[in-house]
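Peer 1: Fold the following and give me the result.
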Amino acid sequence: MCGICGIVNFSGKRIDRDIVLNMREKLAHRGPDDAGFYSDKYIGLGHRRLSIIDLSDKGRQPLSNENKNIWVVSNGEIYNYVELRNELLAAGHRFSSCSDAEVLVHAYEEWGIEKLLKCLSGMYAFAIWDTHLKTMWLVRDRLGVKPLFYMQKNGMLFFASELHVLYEFTDITPETIDHEALDYFFAFGYVPPDHCLIKGIKKLQPGHALRHTQNDTRCWRYWNVDFRPSHKLSLPTVLEDLSNLLQVSVHQRLRSDVPLGCFLSGGIDSGLVTALAARIITEPLHTFTVGFQGSNPSENELALAQLVASRYGTRHMELIVKPQSKNLLPRILWHCGEPFADVSILPTCQICSEARRSIKVALTGDGGDESFCGYYNVYSAHLGSIMKQIFPDIFRHELQILTNALSKLSNVLVIARRLNTLLNYANKPVSFHYNLADWWYAELRSKLYDQKWLNRIDSNAMHIITDIIKNINELQEAEKHLYIDLQLRLPGDYLTKIDVASNLVALEVRSPFLDHKLVEYTAKIPVSIKLLNLRQKGLLRTLAQRYLPIEVVKGRKTGFSPPMGRWLRDEWAPLIRELVGESLANRPGIFNRTIIHHIIDEHLSGKKNHAHRLWALVCFEVWWRLFIDHSLKPGDEL
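Peer 2: The predicted structure follows:
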């Protein structure tokens with residue numbers, strides 16, 4: 001984990017050192033251990049370092065090759081740096097450090113950018129400056145674990161690890177808000193990976209690289225995952241291959257010169273990572289888990305996590321998150337730079353903070369759901385496809401008319417509602433299922449905005465779904481959902497959450513399930529095998545039987561969010577009334593005051609649960625106060 005930033009200016013006017021240093025210091029929380037700077041006639045590079053591998057001054061960035069004509073600043077980790085380093089040493093390269101980042105300059109010098117991108121295994125966002133070619137390369141890892149933002153203005157290129165650093169070079173006003181990006185935020189709870197809330201600033205998308213020269217700027221995709229299944233794979237072969245791939249991935253992510261541990265949720269993903277890590281390291285592993293004040297035992301995984309911790313003799317710690325965690329929100333949204341409404345970022349921040357007291361690197365189970373069909377949408381899409389094969393269209397549509405009517409009754413059997421859901425997956429297009437009912441779905445969003453603002457939104461938010469899948473029409477519906485979640489929800493929501501939360505306390509987080517070779521392999525496994533015995537993550541559960549208690553293997557997914565509906569109705573009710581009801585609802589030109597007050601009244605009275613919708617409004621109002629009217633500072637409490 002580090003922070004990188006820089007400016008490229010081909011005009012010949014040397015870049016002001018103080019400007020780059022100011023950018024760099026805004027990233028100090030990402031790298032409190034060291035700082036570096038490099039400049040020449042055309043560029044200025046800044047780096048804040050969290051020392052993980054090679055703790056000496058020799059690992060300070062920017063780093064260069066032997067001839068000082070190639071320079072790099074990097075954020076993240078290159079997990080296969082040992083293997084790459086040995087290959088480059090054999091080719092005659094001389095290293096000045098043992099840092100993983102130094103392999104980037106030598107590999108680029110030896111192989112060029114295309115082969116470099118193919119050979120890397122890791123989580124990374126880096127910039128390489130080639131003084132001979134006068135070319136700046138910006139690169140983001142395949143799955144988008146590490147962020148990188150950039151903008152071009154007045155003939156210059158600016159880039160940084162966090163959005164707010166670039167806000168110094170552009171106007172942030174209501175007029176500069178991208179209307180479609182804001183609409184996406186209310187539809188999903190986050191701004192997608194290919195959009196930014198402020199016009200003129202861009203996210204380098206996962207698996208993309210950018211080349212910037214004096215003559216042009218070109219961005220291209222260097223990696224994508226292929227979900228076309230291989231039907232030659234047998235279950236015994238798949239289990240052995242997965243076991244080997246996961247063991248290699250965990251082993252590589254244990255390379256560290258500082259203490260490390262695991263986030264242990266009680267689910268099978270983090271349980272597997274913990275089990276494999278505990279078998280490799282020679283001393284007791286630190287593990288950390290979270291519970292929520294006011295939650296029912298069925299809403300947390302504390303007991304299941306304890307079973308895994310006991311089996312592997314870990315140094316286990318439990319943290320109970322309380323409603324006061326809302327006070328983290330201004331600081332969180334400052335570093336997000338955009339509204340971000342995944343409330344699980346609050347407990348993630350707190351568990352990162354607690355873990356940082358004893359470790360500097362944490363392994364997680366992130367990515368297991370995306371590869372192994374852990375989400376209900378993929379499961380339902382698969383069952384819907386089966387129904388589509390068995391029952392003719394007219395029968396399904398007639399049956400859905402019946403289940404639609406039944407679903408509106410308060411005393412209807414749960415099985416009728418579930419059947420209606422499956423029929424929706426059988427009868428409706430993929431984009432229909434991302435019009436999320438818990439958020440501001442399309443009909444509600446049309447009422448949320450002021451009419452003038454609504455008229456500025458050019459397209460429906462679901463167009464992002466159709467754009468993602470336009471070239472994969474040959475895939476089955478479940479595979480399309482897997483692909484969308486990997487392209488949209490994983491980088492836009494979950495990886496943003498863990499990056500911001502961990503970097504607030506200078507903790508490096510590594511995710512073995514996000515190893516690109518593991519992701520590529522699992523993408524080729526037919527969904528029918530991944531949903532073995534028609535169970536969510538059925539294949540992974542079968543593998544987990546080798547390592548985990550049976551209670552964990554058979555446990556149901558509970559998620560990682562506080563009881564937000566209750567908190568917003570009780571402890572956080574004043575927050576809703578003040579931030580949303582009195583402030584945001586009365587801002588002219590964006591929102592419809594009537595619908596906002598209606599939503600608040602329904603939630604506080606207990607008539608309906610609008611928790612996600614209200615929290616999205618809270619997050620937007622806090623963002624507005626931070627970046628538009630500057631009435632709130634990152635360190636303020638709500």
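Peer 1: Next, the contact list for Q350, please.
Peer 2: Listed by CB atoms under 8 Å, 6 or more residues apart in numbering, the contact partners of Q350 are 290, 319, 321, 325, 328. (Glycine included, C-beta is placed from N, CA and C.)
Peer 1: and the residue nearest to the fourth one when sequence neighbours are not counted, what does it touch?
Peer 2: Read that as S325. Nearest residue to S325, sequence neighbours excluded (CB to CB, 6 or more residues apart in numbering): L346, at 4.3 Å. When contacts are counted by CB under 8 Å, 6+ apart, L346 touches 321, 325-326, 328-329, 332, 562.
Peer 1: quick one: L346 is in a helix?
Peer 2: Yes - counting by DSSP: H, G, I helix; E, B strand; the rest coil, L346 falls inside a helix.
Peer 1: and stretch 475-488, C-alpha only, in PDB?
Peer 2: Only the C-alpha atoms of stretch 475-488 are listed here, as PDB (Å, rounded to 0.1, in the frame of the first residue of the first chain):
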ATOM      1  CA  LEU A 475     -22.900 -16.800 -22.500                       C
ATOM      2  CA  GLN A 476     -25.600 -18.300 -20.200                       C
ATOM      3  CA  GLU A 477     -27.500 -15.900 -18.000                       C
ATOM      4  CA  ALA A 478     -25.600 -16.900 -14.800                       C
ATOM      5  CA  GLU A 479     -22.300 -16.400 -16.500                       C
ATOM      6  CA  LYS A 480     -23.400 -12.900 -17.600                       C
ATOM      7  CA  HIS A 481     -24.100 -12.100 -14.000                       C
ATOM      8  CA  LEU A 482     -20.700 -13.300 -12.900                       C
ATOM      9  CA  TYR A 483     -19.100 -11.200 -15.600                       C
ATOM     10  CA  ILE A 484     -21.100  -8.100 -14.700                       C
ATOM     11  CA  ASP A 485     -20.300  -8.500 -11.000                       C
ATOM     12  CA  LEU A 486     -16.600  -8.900 -11.700                       C
ATOM     13  CA  GLN A 487     -16.600  -5.800 -14.000                       C
ATOM     14  CA  LEU A 488     -18.900  -3.500 -12.000                       C
END
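Peer 1: contact partners of that stretch?
Peer 2: 143, 188, 192-193, 206, 225, 227-229, 369-371, 373, 375, 377-379, 381-382, 384-385, 425, 430, 433-434, 464-465, 468-469, 472, 519, 523, 527, 531.
Peer 1: Give me the subset of those residues lying in helices.
Peer 2: Using DSSP state H, the subset of these located in helices is 188, 369-371, 377-379, 381-382, 384-385, 425, 464-465, 468, 519, 523, 527.
Peer 1: In three-state terms, label the spatially most central residue of the chain for me.
Peer 2: Centroid check for the chain by CA atoms, centre = their mean gives L495 as the closest residue, at 1.7 Å. Secondary structure, three-state DSSP: L495 is helix.
Peer 1: swap in R48?
Peer 2: In three-state terms, and counting by three-state DSSP, R48 is strand.
Peer 1: so what's it scoring on pLDDT?
Peer 2: Model confidence at R48, given as pLDDT, is 97.
Peer 1: show me what contacts it?
Peer 2: Applying CB under 8 Å, 6+ apart to R48 gives the contacts 2-4, 24-25, 27-28, 30-32, 34-35.
Peer 1: what do you get if the cut-off is 7 Å, keeping everything else the same?
Peer 2: By CB atoms under 7 Å, 6 or more residues apart in numbering, the contact list for R48 reads 2-3, 24, 27-28, 30-31, 35.
Peer 1: Also G76?
Peer 2: Counted by CB under 7 Å, 6+ apart, G76 has contacts 122-125, 141, 145-146.
Peer 1: go with 8 Å
Peer 2: So G76 contacts 1-2, 122-126, 141, 145-146 (CB under 8 Å, 6+ apart).
Peer 1: Kindly report the same for C262.
Peer 2: By CB under 8 Å, 6+ apart, the residues touching C262 are 270, 273-274, 277, 285-288, 314, 362-364.
Peer 1: Tell me the strands beside the helix or strand it falls within, with direction?
Peer 2: Here C262 is covered by strand 260-263, with elements defined by DSSP states H and E. Taking DSSP bridges as the criterion, strand 260-263 sits next to strand 286-292 (parallel), strand 361-363 (parallel) in its sheet.
Peer 1: quick one: contacts of the first one?
Peer 2: Contacts made with strand 286-292 from outside it, assessed by CB under 8 Å, 6+ apart, are listed as 259-266, 274, 299-302, 305-306, 308-309, 314-321, 347, 350-351, 354-355, 358-359, 362, 560, 562-563.
Peer 1: C-alpha coordinates for the next helix or strand after that strand, CSV please?
Peer 2: Per DSSP H and E, strand 286-292 leads on to helix 302-311 as the next helix or strand towards the C-terminus. The C-alpha coordinates for helix 302-311 follow below in CSV (Å, rounded to 0.1, in the frame of the first residue of the first chain):
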residue,chain,number,x,y,z
LEU,A,302,-18.8,-14.5,15.5
ALA,A,303,-19.5,-18.1,16.6
LEU,A,304,-18.4,-19.6,13.2
ALA,A,305,-15.3,-17.5,13.1
GLN,A,306,-14.4,-18.7,16.6
LEU,A,307,-14.7,-22.3,15.4
VAL,A,308,-12.1,-21.7,12.7
ALA,A,309,-9.8,-19.7,15.1
SER,A,310,-9.9,-22.5,17.6
ARG,A,311,-9.1,-25.2,15.1
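Peer 1: before we move on, back to that, just put the contacts of Q350 in TSV and tack on secondary structure, distance to V553 and neighbour count.
Peer 2: Shown next, in TSV, are the contacts of Q350 (DSSP: H, G, I helix; E, B strand; the rest coil; distance: CB to CB, whole Å; neighbours: other CB atoms under 10 Å):
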residue	secondary structure	distance to V553	neighbour count
V290	strand	21	25
L319	strand	25	16
V321	strand	26	21
S325	helix	31	18
L328	helix	34	20
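Peer 1: of those, closest to F159?
Peer 2: Nearest to F159 among these is L328, at 27.1 Å by CB to CB.
Peer 1: element containing the nearest residue to that closest one once chain neighbours are set aside?
Peer 2: Leaving aside its sequence neighbours, L328 sits nearest to C349 (CB to CB, 6+ apart; 5.3 Å). In the assignment (DSSP H and E), C349 maps to helix 345-355.
Peer 1: Flag every buried residue along that helix.
Peer 2: 345-355 (16 or more other CB atoms under 10 Å).
Peer 1: do stretch 457-469 as well
Peer 2: So for stretch 457-469, counting by 16+ other CB under 10 Å, buried means 457, 460-462, 464-465, 468-469.
Peer 1: do the same with stretch 269-285
Peer 2: Of the residues in stretch 269-285, those buried (16+ other CB under 10 Å) are 269-278, 285.
Peer 1: residues in contact with it?
Peer 2: Applying CB under 8 Å, 6+ apart, the contact partners of stretch 269-285 are 246-247, 250-251, 254, 261-265, 287, 304-305, 308-309, 311-315, 363-369, 374, 512-513, 540, 543-544, 547-548, 552.
Peer 1: Would you show me how to pick out the buried ones of the residues you listed in ChimeraX?
Peer 2: Buried members of the contacts of stretch 269-285, defined by 16+ other CB under 10 Å, are picked up in ChimeraX with:
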select :246,250,254,261,262,263,264,265,287,304,305,308,309,311,312,314,363,364,365,366,367,368,369,374,512,513,540,543,544,547,548,552
